[in-house]
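**Q** Need a 3D model of the sequence below.
(one chain, ligands or ions: 1)
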Amino acid sequence: MSLDLNGPAAGGLPAAAPGTADVAASRGEPLVRARGLRLRYGAKTALDDVGFEIPKGRVVGLLGHNGAGKTSLMKAMVGLAAHEGELTVLGCAPRRERVRLLESLCYIPDVAVLPRWARVEQLITLMAGLHPRFSAERARSLLRRTSVGLRDKVGTLSKGMVVQVHLALVAAVDARLMVLDEPTLGLDVLSRKAFYEMLIDEWCDGERSVLISTHQVEEVEALLSDVLMLSEGRVVLDIPLADIDERFVALGHDPQAADAVAAAHPLLRYRQQGGPVALFDGAPPPEVERLGQRVRPSLVDLFVALTRRPELDRRG
Ligand SMILES: Nc1ncnc2c1ncn2[C@@H]1O[C@H](COP(=O)(O)OP(=O)(O)OP(=O)(O)O)[C@@H](O)[C@H]1O
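**A** Numbers count the residues shown, from 1 in each chain. Presented below is the predicted three-dimensional model:
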């Protein structure tokens, strides 16, 4: 959320009749659908032919290297960036129906700020005035999980505490989709853990979905249901985590087998617990598979394999 983004009234526009998202969800439609999505900044193409769906009840990790297009995608989804191609979020065209969309969508941008002069209680009052689906009671209850007091001024809080306040404010909106752009940037490991715990315990209910971008791939692996990976503005992986083992084969093998394994063109070769591992998209030929033993590929390994940039390869 940014305060102005989540308050339909904040833009000076009347609140539209609620229920767009509910109607879409009741029809069993995905909460987000993109097809052939393209986003350009002048001559720069930030998103190119992007397609994916987010059904209800998912926690989707949006992963990609710096400049891969994550923020651009999120901006398009919340109606902040013009795009070509098809994009439907909670049954709305984000750019045209932004006011209606923001009734059922929470967004924390990567540059989220809360006013330093405000006390937490004042922010709650402000949100209650701005957003028809905000529950002040719920915000206070969420904040009781934290060490933040209602009389505390934002300017006196640590970075981690400000992020907790932000999450409590957005999670108190009765929304269907939360879009979080690197929400834990700059937080220490304990604050990150507290943030994710509050998100999963207090917001995810099996119906709502979250799209969360982060560079902390290892850390979020356990909480994601799906991963959407971008590289150079294109989707390179869109898969439920549960299906990774089925699709990708990581083969731990003897160093003597390295040449034979390499000849089968793995996506990536790396070391795990001291031994060489080769990662394949799909099963390698049986004679190669016999040279090693399957090990579980981690999301980090997949990330490296699928988003390696040529200029990095040359240096490596
Ligand atoms: N306002 C803009 N004007 C021109 N180019 C832009 C603008 N915003 C982003 N870009 C470019 O679009 C591409 C995608 O940027 P984007 O911010 O979406 O990436 P990202 O994956 O969020 O990166 P990061 O992880 O570093 O935040 C980059 O090449 C970036 O330089």
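**Q** Break the protein into its domains for me.
**A** Listed domain ranges for the chain are 3-232, 243-315 (source: automatic domain parsing).
**Q** mind checking which of the ones you listed is nearest the ligand?
**A** Nearest to the ligand among those is domain 3-232; the distance by Cβ to the nearest ligand atom comes to 3.2 Å. Bear in mind the C-beta positions are built from the backbone N, C-alpha and C, glycine included.
**Q** Now do that closest one, average pLDDT.
**A** For domain 3-232, mean pLDDT is 87.
**Q** Run the chain-centre distance for that domain.
**A** When C-alpha coordinates are averaged (Cα atoms, centre = their mean, to the nearest Å), domain 3-232 and its chain have centres 9 Å apart.
**Q** now the domains of the chain in CSV, with distance to the ligand?
**A** Converted to CSV, the domains of the chain look like this (distance: least, Cβ to the nearest ligand atom, whole Å):
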stretch, distance to the ligand
domain 3-232, 3
domain 243-315, 10
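**Q** Including mean neighbour count, could those domains go into JSON lines?
**A** Conversion of the domains of the chain to JSON lines gives the following (neighbours: other Cβ atoms under 10 Å):
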{"stretch": "domain 3-232", "mean neighbour count": "18"}
{"stretch": "domain 243-315", "mean neighbour count": "15"}
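**Q** Low-confidence bits of the stretch 201-316 of the chain, can you list those?
**A** When residues are selected by pLDDT under 70, those of the stretch 201-316 of the chain lie in 309-316.
**Q** where exactly do the strands run in it?
**A** In order along the chain, the stretch 201-316 of the chain carries the following strands (DSSP state E, counting those that start in this stretch): 209-213, 226-231, 234-240, 248-253, 268-272, 275-281, 292-295.
**Q** Using TSV, please lay out the ones you listed together with distance to Thr184.
**A** Below are the strands of the stretch 201-316 of the chain laid out as TSV (distance: least, Cβ to Cβ, whole Å):
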stretch	distance to Thr184
strand 209-213	9
strand 226-231	17
strand 234-240	22
strand 248-253	27
strand 268-272	26
strand 275-281	27
strand 292-295	29
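**Q** among those, which is nearest Leu80?
**A** Nearest to Leu80, of all the strands of the stretch 201-316 of the chain, is strand 209-213, at 14.4 Å by Cβ to Cβ.
**Q** Not counting the closest one itself, show me its contacts.
**A** 31-32, 54-64, 70-71, 74, 77, 110, 176-183, 199, 203-204, 220, 224, 228 (Cβ atoms under 8 Å, 6 or more residues apart in numbering).
**Q** Mind checking which of those land in strands?
**A** Using DSSP state E to define strands, the subset of the contacts of strand 209-213 located there is 32, 54, 59-63, 177-181, 228.
**Q** Of the residues you listed, just say which sits nearest to Val162.
**A** If you rank the ones in strands among the contacts of strand 209-213 by distance to Val162 using Cβ to Cβ, Leu180 comes first, at 14.5 Å.
**Q** Thanks a lot, catch you later.
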